[in-house]
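[1] one predicted model, sequence on top.
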Amino acid sequence: MHLVAWFPWRLKLWVGKIIGLAAWRFIKRRRHITETNIALCFPEKSADEQRRLVKEVFIANGIGLVETATGWCRDAEGLRHRVAYHGQEHLAQAKAQGKGVLVVGIHFSTLDLGGALHSLFFPADVVYRQHNNPLFERFMTRARSRIFGQAIDRHDLRGVVRRIKSGHIVWYSPDQDFGRDASVFAPLFGQQAATIRLTAKIARMTGAPVVPLMFHRNPDNQTYTITCLPALDNFPSGDEIADATRVNEFIEQAIRKYPEQYLWLHRRFKTRPEGEPSVY
């Protein structure tokens, strides 16, 4: 990863594209999951358009792997010229309230590079899922410790609350399927998606503003944009489904702008409403 991180940018993109195309060609299970997700979420697209988008998703996520290497292994300061930050005043205003901030992010393929570049503007902690491979977990934790103040296991709710109450920004992505017990069903791309309750719970426990944030690769494949939106008003509302729906609305709107950059390889609709069969 260290070697790839220092490749010339165009070579790095080429390597990422080759990785993505190889995954599209040979990792059939993930391709099936992606095809299913795209068909569910973009029924208005023709079959040919859906197939093209699936291929673009794999290419973008292949590029995302080399971007992750770059974010983990290089000094973000040397990449400052590649990023523009829109709406950073919203995060500054939320931080100024002195209650800490919960940043709601999205699993775009650029996520880890985005975290590195975001650190140039605001220090933040990150909530993450431990990797099953202990060697990779140690490497990932060490790499992320260069980028974030703390990397907090997603099961450590007490740690998340403590950091926010101490005034820190905590970056958290609630856009994956965490199972029935942790979730409510809320609409996402016209589907009833199991949506984690934790976003509203953390906001309620800390009183912190919840700020939506996204990070994407620009069409030139050379530069990136961070976009921060105003903090969600009247959140949490006390209605779990309404709160989950608001979070999903932000996620869907962001994904629709750059659908190929989202992590569609994840079984987002794995948990189904009672009585409904698996879509995968």
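    Happy to help now that I have it.

[2] give me the phi and psi angles of residue 144.
    phi -70, psi -20 (degrees, to the nearest 10).

[3] what is the neighbour count of it?
    Per other C-beta atoms under 10 Å, the neighbour tally for residue 144 reads 19. Backbone N, C-alpha and C define where each C-beta goes, glycine included.

[4] low-confidence ranges in the stretch 101-250 of the chain?
    Counting by pLDDT under 70, the ranges of the stretch 101-250 of the chain that qualify are 131-134, 136-137, 139.

[5] now the closest residue to residue 265 other than its chain neighbours: how far from residue 242?
    Using C-beta to C-beta, 6 or more residues apart in numbering and skipping residues adjacent in sequence, the residue nearest residue 265 is residue 30, 4.6 Å away. Residue 30 sits 33 Å away from residue 242, going by C-beta to C-beta, to the nearest Å.

[6] ok, these two, which is more surrounded?
    Each of residue 30 and residue 242 has its neighbours counted (other C-beta under 10 Å); residue 30 has more, 18 against 15.

[7] how confident was the prediction at the residue nearest to residue 265?
    pLDDT for residue 30: 97.

[8] buried ones in the lengthiest helix in the chain?
    The helix that spans the most residues within the chain, counting by DSSP state H, is helix 47-73. Residues of helix 47-73 classed as buried by neighbour count (16 or more other C-beta atoms under 10 Å): 50, 53-73.

[9] now do stretch 28-44
    For stretch 28-44, a neighbour-count test (16+ other C-beta under 10 Å) marks 30, 31, 33, 34, 35, 36, 37, 38, 40, 41, 42 as buried.

[10] for these, give me TSV that also has distance to residue 105.
    Formatted as TSV, the buried residues of stretch 28-44 follow (distance: C-beta to C-beta, whole Å):
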residue	distance to residue 105
30	22
31	25
33	21
34	21
35	25
36	24
37	19
38	22
40	22
41	19
42	22
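
[11] in helices only, show me those residues.
    Of the buried residues of stretch 28-44, the ones assigned to helices by DSSP H are 30, 31, 33, 34, 35, 36, 37, 38, 40, 41.

[12] tell me how far the second one lies from residue 57.
    When you say that, I think you mean residue 31. 9 Å.

[13] so what's residue 42 up against?
    Residue 42 makes contact with 49, 50, 53, 189, 259, according to C-beta atoms under 8 Å, 6 or more residues apart in numbering.

[14] identify the farthest-apart pair in those residues.
    With C-beta to C-beta as the measure, no two of the contacts of residue 42 lie farther apart than 49 and 189, at 15.4 Å.
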